[in-house]
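# Using only what follows, build the 3D model:
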Amino acid sequence: MSASKPLAGIRILSVEQFAAGPYGTMFLADLGAEVIKIENPAAGGDPARYGGPFLLGEADSEYFQTWNLNKRSIELDLKSPAGRADFQRLAAEADAVVNNLRGDLPAKLGLDYPALSKVKPSIVCLHISAYGRDTSRASWPGYDYLMQAESGLMHLTGEPDSPPARFGAPSMIDHMTGMTAMVGLLSALLRARESGQGCDVDVSLLDVALHQLGYAAIWYLNEGVRSSRRPRSAHFSVGPVQTQRTRDGWIFVMCMTDKFWLELVEVLRRPDLESDPRFATPGSRGEHREALTQMLDEEFSRMPTEHWLRVLNGRLPVAPVLDVAAALDSGFVAEVGMVRHVPHPRRSDFRVLSNPLKIDGERPDLRVCSPLGADSAEVLPPRGSIEAVIHYVDPQAPIGAIHDVDREKTTLTLVPHRMRVRDARPVADRLGLERTGFVWIKRPTAVTDFGDARQVEDIYLAESAALVKELTGADKVVTFGHLQRDGALVASRHRPVFNAHIDYDEETVRAVARRVLSAEEFERRAGDRIVLANVWRPIEPVERDPLAVCDASSVEREDLVFGPIGGKSAAGVPHASGWNLSFSARHRWYYLSRMRPDEVLVFKLCDTDRTRIQWAAHTAIEDPATPSGAAPRRSIEVRTLAFIAAACADRRPPLGTGP
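The predicted structure follows:
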């Protein structure tokens, strides 16, 4: 498919195995969605990887590839805290989460909308189960063939005098359920894009199997008619719609209307059949099926199948009854391109069925699914420190220029408007003010434009103060801005806390509070515990500028560099001077990126129990995709950063002391 695929840009996380979920999500992947299989390393991944007898090396098979083309694979144990944390970080960037687990498991594993809406309100959660999630059978396992048996489909399949039979093709109910599920998923995604509201979507194998009964179910429900197997795979009421024996095989004839019946009579040169009152209507022909079948067998048995196809094709609906080999080797199948070569690392001549859809006259491109966990390193954000990023701003460089550091050298190399940073999100089990001193939470804001100073002053600072009060238990919260106090820029070399990053000052919190609070307020709270916290939010619908948070206990005094920051005025005078952090391999960093408007990071800088900072923070103020030479974007710090002094009179706030 040369044109843009219709589902390009949609990311699907799928906790799937065997056929129902994988078959459905494969269609989404074929049409351009990024489908990421979540596979449990403890179980060896999707059990279908080991489905014999035709294996394709380690943890791969032809059975598995049948339902998993065009997908990526990562390994995650969703029963472990770390695995769940990684999954939630991925869910924050996904459009939908799919699972085909037992009905009682999604809620336990945090895969339903009540759990994941806290991470992303617009996410759609699709659940494919055997019997549903809200039924008395929610905890029952179930497979395709069981559904055919219980739904009545097996009772309708096969010859009347033979045992009940399942569909000959494998996994038909799985496939039907998978496709039904995708209709629900895509419908919910369309609504979520309009409303911003996601939801749960449910479908069960048994419900879909029952739905395939079609008019046989409607007849019973309304007329009490109990449909049963018909000889020759015949239609329940219309004839002749069934197989007929030829000299060398079988042919299926479908005279659904009088028009086609008359065409058949003419080709057979049997006008007596037309005039016979038993065969005057489709219904009467169905009632006298046994006599008609015997007469038609006599006619069709005179010539081979090929003859009948030649004289009947184009006049009435007929088809040869082929085995699988003859069907796939058919010249017409080759003509329409339903078989395609898709190279596999173990089979360069690997062939698969093409997707039956055509978009703009072209079938989707196909590739084999990734090996087990092969995409983990690329898809999963790192949990700890990352590659070199330095946050010292060159005094001669434009605002936002970033120094990139070579770990093997001690000199700095200026790389204007560019940076190297791995996409990362917080690790949930490391978050929480109680444990680590910083927390990443979901919290909507009423601010519509962070460039509007009045909105920031009237709305954002009040929201931030309320949030800090909620998180710390403080009885009073005072806000003050970065590089700013009461609207005036402060640039004192003796007070670097106000002219650069408060993060790097070695003064005590009480000394900072003395300047922030009024003299009267400070004296009144002299015995209270005072905490300095920091609040960060994005300034765009999706903030691409990464935020770096460093564990201050890993920072030494010699790592701090004093100098001009923030560029220069038109007259060449630095806007301000202050402390910044030079890179060291011993620093422990945590990185966030692509923050959304309803995401907030709050972290504690220090409190009166510590004379040093707890966390240091920087924004990498350049978009990694900004072309060289382009004007830098405004720093997130200047536009959205507010420092909060939280004074706590009665109780110790639930803030930890760092790792």
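# which residues touch stretch 308-317?
Stretch 308-317 is contacted from outside by 246, 251, 253-256, 260, 263-264, 267, 300, 318, 320, using Cβ atoms under 8 Å, 6 or more residues apart in numbering. Just so you know, the C-beta spots here come from the backbone N, C-alpha and C atoms, and that holds for glycine as well.
# Quick check: the farthest pair among those?
246 and 256 (20.6 Å; Cβ to Cβ).
# In terms of packing, which of these two has more residues around it?
Neighbours per residue (other Cβ atoms under 10 Å) separate residue 246 from residue 256, with residue 246 holding more: 22 against 15.
# In contact with the more buried one, which residues?
By Cβ under 8 Å, 6+ apart, the contact list for residue 246 reads 300-301, 303-305, 307-308.
# Give me the buried subset of the contacts of stretch 308-317.
Neighbour counting with 16 or more other Cβ atoms under 10 Å marks 246, 251, 253-255, 260, 263-264, 300, 318, 320 as buried within these.
# Of those residues, which is the nearest to residue 200?
Of all the buried ones among the contacts of stretch 308-317, residue 200 sits closest to residue 254, with 41.1 Å by Cβ to Cβ.
# and that closest one, what are its phi and psi?
In terms of degrees, to the nearest 10, the main-chain angles of residue 254 are phi -130, psi 90.
# Which positions in the lengthiest helix in the chain come out as buried?
In terms of residue count, the longest helix belonging to the chain (DSSP state H) is helix 172-195. For helix 172-195, the neighbour count (16+ other Cβ under 10 Å) marks 172-178, 180-182, 184-186, 188-189, 192 as buried.
# Likewise for stretch 300-320?
Result for stretch 300-320 [16+ other Cβ under 10 Å]: buried residues 300, 305, 308, 312, 316-318, 320.
# Just the ones in helices from these, please.
Those of the buried residues of stretch 300-320 lying in helices (DSSP H): 300, 305, 308, 312.
# contacts for the longest helix of the chain?
So helix 172-195 is contacted by 10, 18-25, 27-28, 95-96, 98, 122-124, 126, 128, 144, 147-148, 153, 167, 197-199, 201, 203-205, 208-209, 211-212 (Cβ under 8 Å, 6+ apart).
# ditto for stretch 333-344
Contact with stretch 333-344 is made by 56, 65, 69, 327-328, 349-354, 356, 363, 366-368, as judged by Cβ under 8 Å, 6+ apart.
# Count the residues that sit near residue 280.
Other residues near residue 280 come to 13 when the count uses other Cβ under 10 Å.
# still on that earlier bit, in TSV: the buried residues of stretch 300-320, plus pLDDT and distance to residue 452.
Listed next are the buried residues of stretch 300-320 as TSV, based on pLDDT from 0 to 100; distance: Cβ to Cβ, whole Å:
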residue	pLDDT	distance to residue 452
300	98	81
305	97	77
308	98	78
312	97	75
316	95	72
317	97	67
318	98	72
320	98	72
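# Dump the residues you listed to a markdown table, plus distance to residue 103.
Formatted as a markdown table, the buried residues of stretch 300-320 follow (distance: Cβ to Cβ, whole Å):
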| residue | distance to residue 103 |
| --- | --- |
| 300 | 49 |
| 305 | 47 |
| 308 | 49 |
| 312 | 48 |
| 316 | 46 |
| 317 | 41 |
| 318 | 44 |
| 320 | 42 |
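# Give me the distance between the closest residue to residue 27 other than its chain neighbours and residue 189.
Nearest non-adjacent residue to residue 27, counting by Cβ to Cβ, 6 or more residues apart in numbering: residue 182, 5.9 Å away. Residue 182 sits 10 Å away from residue 189, going by Cβ to Cβ, to the nearest Å.
# for residue 341, same thing?
Residue 341 sits 32 Å away from residue 189 when distances are taken as Cβ to Cβ.
# could you measure residue 179 against residue 235, distance?
For residue 179, the distance to residue 235 - Cβ to Cβ - is 24 Å.
# quick one: the helices in the stretch 151-300 of the chain?
In the stretch 151-300 of the chain, the segments counted as helices under DSSP state H, counting those that start in this stretch are 172-195, 205-211, 215-223, 258-268, 271-275, 282-287, 289-300.
# Indicate which one of those is closest to residue 345.
Across the helices of the stretch 151-300 of the chain, residue 345 has its closest neighbour in helix 172-195 (26.4 Å, Cβ to Cβ).
# related to what we said a few turns ago, considering the contacts of residue 246, which is situated nearest to residue 459?
Taking Cβ to Cβ as the measure, residue 459 sits nearest to residue 305 out of these, at 77.6 Å.
# Give the full set of residues in contact with the nearest residue to residue 302 once chain neighbours are set aside.
Sequence neighbours aside, residue 247 is the residue nearest to residue 302 in space, at 6.7 Å (criterion: Cβ to Cβ, 6+ apart). If a contact means Cβ under 8 Å, 6+ apart, then residue 247 has 301-305 as its contacts.
# Ok, residue 376 next?
So residue 376 contacts 73-75 (Cβ under 8 Å, 6+ apart).
# so where is the chain shaky, pLDDT-wise?
1-3, 381-441, 450-451, 453, 456-457, 471-475, 478-518, 522, 525-659 (pLDDT under 70).
# Nearest residue to residue 22 in space, ignoring adjacent ones along the chain?
Distances taken as Cβ to Cβ, 6+ apart put residue 67 closest to residue 22, at 3.7 Å, once the chain neighbours are dropped.
# And that neighbour, which helix or strand is it part of?
Per DSSP states H and E, residue 67 falls between elements, in no helix or strand.
# Can you tell me who the nearest residue to residue 379 once chain neighbours are set aside pairs with across the strands?
Nearest residue to residue 379, sequence neighbours excluded (Cβ to Cβ, 6+ apart): residue 74, at 5.1 Å. Beta-bridge partners of residue 74, counted by DSSP bridges, are residue 38.
# surely residue 74 meets residue 39?
Yes. Between residue 74 and residue 39 there is a contact under Cβ atoms under 8 Å: 7.0 Å.
# Now for these two: what residues contact both?
Residues touching both residue 74 and residue 39 (Cβ under 8 Å, 6+ apart) are residue 373.
# circling back to that earlier point, can you pull the contacts of the residue nearest to residue 22?
Contacts for residue 67 (Cβ under 8 Å, 6+ apart) come out as 18-19, 22-23, 26, 48.
# hmm, 7 Å instead?
Residue 67 makes contact with 19, 22-23, 26, 48, according to Cβ atoms under 7 Å, 6 or more residues apart in numbering.
# Need the max-distance pair from those residues.
Among the contacts of residue 67, the pair separated by the greatest distance (Cβ to Cβ) is 26 and 48, at 11.9 Å.
# These two - which one has more neighbours?
residue 26 (26 against 19).
# Okay, and that one sits in which element?
Following DSSP H and E, one finds residue 26 within helix 20-30.
# CA-only coordinates of that helix in PDB, if you can.
In PDB, the C-alpha atoms belonging to helix 20-30 read as follows (Å, rounded to 0.1, in the frame of the first residue of the first chain):
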ATOM      1  CA  ALA A  20      -9.400 -13.900  18.800                       C
ATOM      2  CA  GLY A  21      -7.600 -10.800  20.000                       C
ATOM      3  CA  PRO A  22      -4.500 -11.300  17.700                       C
ATOM      4  CA  TYR A  23      -6.700 -11.800  14.600                       C
ATOM      5  CA  GLY A  24      -8.600  -8.600  15.200                       C
ATOM      6  CA  THR A  25      -5.500  -6.500  16.100                       C
ATOM      7  CA  MET A  26      -3.700  -7.900  13.100                       C
ATOM      8  CA  PHE A  27      -6.200  -6.100  10.900                       C
ATOM      9  CA  LEU A  28      -5.500  -2.800  12.700                       C
ATOM     10  CA  ALA A  29      -1.700  -3.400  12.300                       C
ATOM     11  CA  ASP A  30      -2.200  -4.100   8.600                       C
END
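# All set now, cheers.
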